[in-house]
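Enquirer: Any chance you can model this:
(one chain, ligands or ions: 2)
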Amino acid sequence: MRILVTGGAGFLGSHLCDRLIEQGHDVVCLDNYFTGSKKNVEHLIGNPRFELVRHDITLPILLEVDRIYNLACPASPVHYQYNPVKTIKTSLLGSVNMLGLAKRVKARILQASTSEVYGDPTVHPQTEEYWGNVNPIGIRSCYDEGKRVAETLFMDYHRQNKVDIRIVRIFNTYGPRMHPNDGRVVSNFIMQALQNKDITVYGDGSQTRSFCFASDLIEAILSTMEQTESIGPINIGNPGEFTILELAEKVIKLTGSKSKIITLPLPSDDPKQRKPDISQAKKVLNWEPKVNLDEGLAQTIEYFSKPIPL
Ligand code: NAD
Ligand code: UDP
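Expert: Numbers count the residues shown, from 1 in each chain. Ligands and ions are numbered 1, 2, ... in the order given. Predicted structure coming up:
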């Protein structure tokens, strides 16, 4: 198949391109390089089955493809809050453009949605039935509401225009090729620990997250796209739940760092807890994560320990 990956030069997009090329597909990797980098896909350049296109999905594009993975969108709070208007345009106009393309060429299209659609959840763990608790006017809203409206657009194009859609709700995912200055907690803590700098825990560190390793996530996305039992949304994540303080302690231990933990103010609307209910993914995809946090962190620490191509 010919497969379009938007955001293909990003952290998750580049791993997805790798797997699709491995599977024998032709891949069109589209990116505007806001948070992604050509370096993430450099090893694929020159492969006759790989094409790299500099494009912004807020503008239309004409391509002939069989599948579209829509991953283009900054994912780290620091980056999505840098230009919030652009962030919501990427989810809104980007989804309209990609759904229009899917409709025209009859491609199946998958949306990379997020656990952020649950906001600061009052239901724990989060099931797909839960509608969420999202502030529509806060500093995270450009991302959260953008992803929510993208889900709405996907469902309406499906119901109204019979577009063949899939939606995955991705919970915090980490691994090699995260940007070292990305601002997300795993990359921040590892970079700080490797440099023996203070580990910056926001708030008292009692908030929880569930961390999924990139390779597990990619397998789940691939099988969501190719199965025909459910259009989603399907939660994809690792149900292991850790406080941010526990994560800081683990990173210090695994790196053997001399870093001290310091606390900084908690950003507003920071969700207090997050843990996916993955019953649907288990049933529909016959999938569950294989890499536990210690193993995944060890591989990520190894990546960040070497000079990082940027
Ligand atoms: P990332 O920032 O590394 O990748 C996003 C990519 O999209 C980058 O390469 C960036 O340059 C590109 N991009 C941004 N805006 C664009 C635009 N307007 N046009 C074209 N390209 C654009 O982040 P990631 O972690 O790889 O996330 C990939 C997708 O998965 C995102 O949609 C994100 O919302 C979603 N997601 C990720 C996580 C996670 O924990 N990693 C969790 C939930 C959802
Ligand atoms: N966090 C932290 N220190 C950091 C970066 C993040 O304590 O240097 C916290 C953040 O406040 C949040 C959690 O770690 O509670 C996860 O943050 P991240 O930005 O990775 O993703 P989120 O799940 O909030 O979108």
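Enquirer: can you map out the strands along this protein?
Expert: Counting by DSSP state E, one finds strands in the chain at the ranges 2-6, 26-31, 50-54, 67-70, 108-114, 165-170, 173-174, 199-202, 208-210, 212-213, 234-236, 241-243, 261-264.
Enquirer: So which elements touch the second one?
Expert: Contact analysis of strand 26-31 by 3 or more C-beta pairs under 8 Å, 6 or more residues apart in numbering; DSSP states H and E lists strand 2-6, helix 11-22, strand 50-54 as its packing neighbours. Every C-beta, even on glycine, is put in place using the N, C-alpha and C of the backbone.
Enquirer: cool, the fifth one as well?
Expert: Counting by 3+ C-beta pairs under 8 Å, 6+ apart, the packing neighbours recorded for strand 108-114 are strand 67-70, helix 84-105, helix 141-161, strand 165-170, helix 214-226.
Enquirer: mind redoing it with 10 Å?
Expert: On a contact count with 3 or more C-beta pairs under 10 Å, 6 or more residues apart in numbering; DSSP states H and E, strand 108-114 meets strand 2-6, helix 11-22, strand 67-70, helix 84-105, helix 141-161, strand 165-170, helix 214-226, strand 234-236.
Enquirer: Buried ones in that strand, by neighbour count?
Expert: Going by neighbour count (16 or more other C-beta atoms under 10 Å), the buried part of strand 108-114 is 108-114.
Enquirer: Can you add pLDDT and distance to Asn292 and give those back as CSV?
Expert: Supplementary listing: these in CSV, determined by pLDDT from 0 to 100; distance: C-beta to C-beta, whole Å:
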residue, pLDDT, distance to Asn292
Arg108, 98, 32
Ile109, 99, 32
Leu110, 99, 26
Gln111, 98, 28
Ala112, 98, 23
Ser113, 98, 25
Thr114, 98, 22
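Enquirer: quick check, nearest of these to ligand 2?
Expert: Checking the buried residues of strand 108-114 against ligand 2 by C-beta to the nearest ligand atom gives Thr114 as the nearest, at 8.2 Å.
Enquirer: Can you tell me which of the helices and strands packed on strand 26-31 is nearest to Ile170?
Expert: helix 11-22 (7.8 Å; C-beta to C-beta).
Enquirer: do the closest one and ligand 2 meet at all?
Expert: No: judged by C-beta under 6 Å from any ligand atom, helix 11-22 stays clear of ligand 2, getting no closer than 12.1 Å.
Enquirer: quick revisit: turn the strands of the chain into JSON lines, including distance to ligand 1.
Expert: Shown next, in JSON lines, are those (distance: least, C-beta to the nearest ligand atom, whole Å):
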{"stretch": "strand 2-6", "distance to ligand 1": "6"}
{"stretch": "strand 26-31", "distance to ligand 1": "5"}
{"stretch": "strand 50-54", "distance to ligand 1": "9"}
{"stretch": "strand 67-70", "distance to ligand 1": "7"}
{"stretch": "strand 108-114", "distance to ligand 1": "4"}
{"stretch": "strand 165-170", "distance to ligand 1": "4"}
{"stretch": "strand 173-174", "distance to ligand 1": "4"}
{"stretch": "strand 199-202", "distance to ligand 1": "17"}
{"stretch": "strand 208-210", "distance to ligand 1": "9"}
{"stretch": "strand 212-213", "distance to ligand 1": "8"}
{"stretch": "strand 234-236", "distance to ligand 1": "9"}
{"stretch": "strand 241-243", "distance to ligand 1": "14"}
{"stretch": "strand 261-264", "distance to ligand 1": "21"}
